[in-house]
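Student: Give me the fold of what follows.
(chains A, B and C)
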Amino acid sequence: MTSPTQHEHHGHHISTAGQLWAVGIALVFLTIVTVILGKFVAIPAPFDIITALSIAVIKASLVAAFFMNLYWDVKFNTILLITAIVFFLLMISVTLLDTLYRNDVIPTF
Amino acid sequence: MSNESTQTHQVEHHFVDAEHQFDTAKMGMWVFIVNEILFFGGLFCAYIIYRTWYPDLFQEAALQLDTLWGAVNTVVLIGSSLTVAMAIRSVQKNQIKGLKINLLITIALACIFMVIKAFEYFHKFELGIFPGSYYTYAGIEHAQAPIFFSIYYMLTGVHALHVLIGIGLIYWIYRRASKGEFSSEYYTPVEITGLYWHLVDLIWIFLFPLLYLIE
Amino acid sequence: MATAEVPKKRKLKVKRFKPVDNPKHTYLTDEKGLWAWMTTVDHKKIGLMFLGATAFFFLLGGILALLLRTELLTPAKTFVEADTYNQLFTLHGAIMVFFVIIPAIPSGLGNFILPMQLGAKDVAFPRLNLASFYIYVVGAIFTFIALASNGLDTGWTFYTPYSSTDSTSSVIWVTMGIFILGFSSILTGTNFITTIHKLRAPGITWGKLPLNLWAIYATSVIQVLATPILAITLLLLTMERFMGIGIFDPAMGGDPVLFQHFFWFYSHPAVYIMIVPGFGIISEVITTFSKKHIFGYWAVAFSSLAIAFIGFLVWGHHMFVSGQSPVATTVFSFLTFLVGIPTGIKVLNWVATLYKGSIDMKTPMIYVYSFLFLFSIGGFTGIMVGALSADVHLHDTYYVVAHFHYVMMGGTIIALLAGLHYWWPKMTGRMYNEFLGKIAAGFIFIGFNLTFLPQFIMGSMGMPRRYYNYIDQFTIFHQTSTIGSYIIGMGFLLIAYYLAKSLFRDGERAPANPWGSRGLEWQATSPPDLHNFDHIPVVINGPYYYHKPMEEFQLGLVDFHGAEVEESEKEVDMSDEKEWVNYNLD
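Tutor: Numbering: from 1, shown residues only, chains lettered A, B, ... in the order given. You can find the predicted model right below:
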């Protein structure tokens, strides 16, 4: 590590080129898997969406952890990311409480 | 900004040292990323609501989107995320040439993304698939077809805008790197821009299956 | 945080740094001239510029209010047409909400005080802070352009389909103006969250943070999470108007209620952006003028966070009669009752703070008492309209109008006035006329109740809001309300008068700590130095430890050239050691 200051726990983590390429290749691989599962394998709904989104979550986690370096970073930055996701999910779920349970979807004219 | 060599970038008066300044900048950027996630979140929310109301529309309309080119774009963006991570690695090891090359490759990949996107849009325009009240395509029977494409254009359009801004930012970082402003002692703007670019990639990772892989 | 562990203490070499009275070099003398102000990155000047801008918009919004109240003196037309009346109430609402109440306390007073309460020399990102201000200005310019062309008549809530399809007013100019303004709010929130985490002086653990900063922290969290939703909503509305997107247009298969969901997902947390900083100010003022520790520090601190969180889950209570599903309305009503609990905890804790305190009835404290009375009414009536069955009758009546004016004006503006008068000596180095201060507070209190109490009654009798005409049985209420509004106006003119006099006509010079507060900001000079403190402050006591002598609050690290003698070692709570590791403390 070439951390410029004396403070050990503030040293900047430097990934090796191999590590970064490995993550990149994993991401491309997962993309291919998603496309194959999406286009060429018949999965009954709702599992098709669940599968596609699960793979997307894995890809996103790889980017966040190893490209954006959250794995080696201060825990608080990860908490920030998770908080954003939690509030996003709250927004959707509570709105769906309305839109899914209406008597008429949209009043017709 | 300091005009001196890269070795002694000025630490602002309210920070104790360079490390303090770097960590603070990174935290600030993550707070901004929270904001961006919620911004796109609103659009995703609209998408989810309309998809639960009109699943058949989404199935039918999504056939107009080319999965292959969408997948290519996904790989292009992943590649650009990789190169920007490599750029940061270069500057951490004080390899300014490596930094500049990786930044240029990132910009090139981002431009490829935009070109593919442009082709996608033009193909749709030829069919009469325009956003909103300009929609004239008769190929889809569903009454709410314009809404699907409005959501498509808003999602991909706002994302494309972020890509364009990202290209501008990365180019600016490239220019500053050419002037010798960065080193392993000081590369905060590179780190921050890298985080922004990864966010753009993250958004697309979710956009791709939701728009292009509805079967 | 709230743990039962023994705090990790360490001995630090400290010196006493007593702030001098009548300092020669202050932030006002060291950077002079218009250009210095316009290009400043000093949080103090930026805070004052925000205060000035919000004061200007408060004047504008206030004039609009007086105009519309004058129109309502008689049941039919008094002096404007109905279309003009729609513009008056819309612009009054939009200007007050977006240009005054949301930015005034956080970006105004907050900017000035936050670094000082942390013992920091500035906020984390000073240039971003200045950018926040100029973004606000650009948003304001867009709105002025709208005012100069077709104005706005959609109501400040921009409901579709009127705003997207039918209105001929300058909707896009205003939506884009507010879109831009949103970034000012987001950047301020980003700045504050980072500053509170990273720029605390040694010894300020989370348990020693002033409650004002807990409140600002909660507010900043809301700003960062909620404002982007407003941005996307306004963008979608603009696209709908501009390109006919149709997401909110029933004629194209879209859903107008969806607009309301998106709009209120921001706008409800926005009202907590408005009031929570006010809560912070009340905590500061009430402890200072009771010379007593706050009752229930952690309860008040966590209640700010609880309000911020639950506040994100109640937005549907603005939509009870809009066509929402019964499931959603029930859930929202229940959660709305829940959000009243942390607020109630705060009010009860403040009152308990007064008990056995040594009360000093200066002007800020009078505003605190006003706040306790007015905000309680406002909050309580909020719970009443949050009751599903009652709201079916009260929605869109003057009852709601009275409720939100009690919380926004009786709450936020009163708290802002309390904070303004409390920190006036610190910001300007001068005192204001105490006698006139009390008179103005009286005018505002009386005028306010005269204006809005009758509105509760009218509303429950069925008088709808935003109506230009009304039936004769409401005349007496409207007229009383209008007279009250003029009295409020006079109160504010009086405030403007004596504050201007204090600033420009050589008001009495203020000492560093006129109120005897134990807050860290009072251990700097009045006005403060350009860099706030010329040493790194060290904090060994909480900000409300009135039982400790003043000397224990005026400490700083020994390394720096300082004021006084008496080097000694003090035990400092270092539980948050990792935040101060850069300070080279040894």
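
Student: Run the chain-centre distance for the helix-or-strand element of chain B with minimal mean pLDDT.
Tutor: The helix or strand of chain B with the poorest confidence is helix B:55-62; it has a mean of 89 (mean pLDDT, DSSP states H and E). Relative to the centre of its chain, helix B:55-62 is centred 26 Å away, using Cα atoms, centre = their mean, to the nearest Å.

Student: ok, and for the strand or helix carrying C:I282, which residues are buried?
Tutor: Using DSSP states H and E, C:I282 falls within helix C:256-288. By 16 or more other Cβ atoms under 10 Å in any protein chain shown, the buried positions in helix C:256-288 come out as C:256-288. C-beta coordinates here come from the backbone N, C-alpha and C atoms, glycine included.

Student: Pull out whichever of the residues you listed are also neighbours of chain A.
Tutor: For chain A, the contacts drawn from these by Cβ under 8 Å from any Cβ of the partner chain are C:V257, C:L258, C:H261, C:F265.

Student: Using a markdown table, please lay out the residues you listed together with distance to chain B.
Tutor: Shown next, in a markdown table, are these (distance: Cβ to the nearest Cβ, whole Å):
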| residue | distance to chain B |
| --- | --- |
| C:V257 | 10 |
| C:L258 | 7 |
| C:H261 | 8 |
| C:F265 | 8 |
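
Student: ok, residue 47 - contacts?
Tutor: If you meant another chain, say so; for now it's chain A. Listed by Cβ atoms under 8 Å, 6 or more residues apart in numbering or on different chains, A:F47 has no contact partners.

Student: Oops, wrong one, chain C.
Tutor: C:S107, C:G108, C:L109, C:G110, C:N111, C:F112, C:I113, C:M427.

Student: now, which of those lie within helices?
Tutor: Within those, residues falling in helices by DSSP state H are C:N111, C:F112, C:I113, C:M427.

Student: Grab the nearest non-local neighbour of the last one.
Tutor: Once its chain neighbours are removed from consideration, C:M427 has its nearest residue in C:F112; the separation is 6.0 Å (Cβ to Cβ, 6 or more residues apart in numbering or on different chains).

Student: What is the burial count for the one you found?
Tutor: C:F112: 25 surrounding residues under other Cβ atoms under 10 Å in any protein chain shown.

Student: Show me what the longest strand belonging to chain C packs onto, helices and strands only.
Tutor: The longest strand of chain C (DSSP state E) is strand C:9-16. Judged by 3 or more Cβ pairs under 8 Å, 6 or more residues apart in numbering or on different chains; DSSP states H and E, the packing partners of strand C:9-16 are strand C:555-557, strand C:568-573.

Student: mind showing which ranges of chain A have poor pLDDT?
Tutor: In the predicted model, chain A carries pLDDT under 70 at residues A:1-11, A:106-109.

Student: ok, which stretches of it are helices?
Tutor: Using DSSP H, helices in chain A cover A:17-39, A:47-62, A:75-99.

Student: Any regions of chain C where pLDDT drops low?
Tutor: C:1-7, C:559-567, C:581-586.

Student: Number of residues surrounding C:W35?
Tutor: 9.

Student: Sorry, wrong one. I was asking about C:T336.
Tutor: By the measure other Cβ under 10 Å, the count of residues near C:T336 is 25.

Student: Once you drop chain neighbours, what's closest to it?
Tutor: Closest residue in space to C:T336, ignoring its immediate chain neighbours: C:G386 at 3.6 Å, by Cβ to Cβ, 6+ apart.

Student: what about the residue positioned nearest the centre of chain A, distance to A:F66?
Tutor: The centre of chain A sits closest to A:A60, judged by Cα atoms, centre = their mean, with a distance of 3.0 Å. Applying Cβ to Cβ, to the nearest Å, the value for A:A60 to A:F66 is 11 Å.

Student: before we move on, the earlier item: identify the residues contacting the residue nearest to the centre of chain A.
Tutor: Per Cβ under 8 Å, 6+ apart, neighbours of A:A60: B:L202, B:I205, B:F206.

Student: Kindly recompute the last result at 10 Å.
Tutor: A:L27, A:L53, A:L81, A:I85, B:H198, B:D201, B:L202, B:I203, B:I205, B:F206 (Cβ atoms under 10 Å, 6 or more residues apart in numbering or on different chains).
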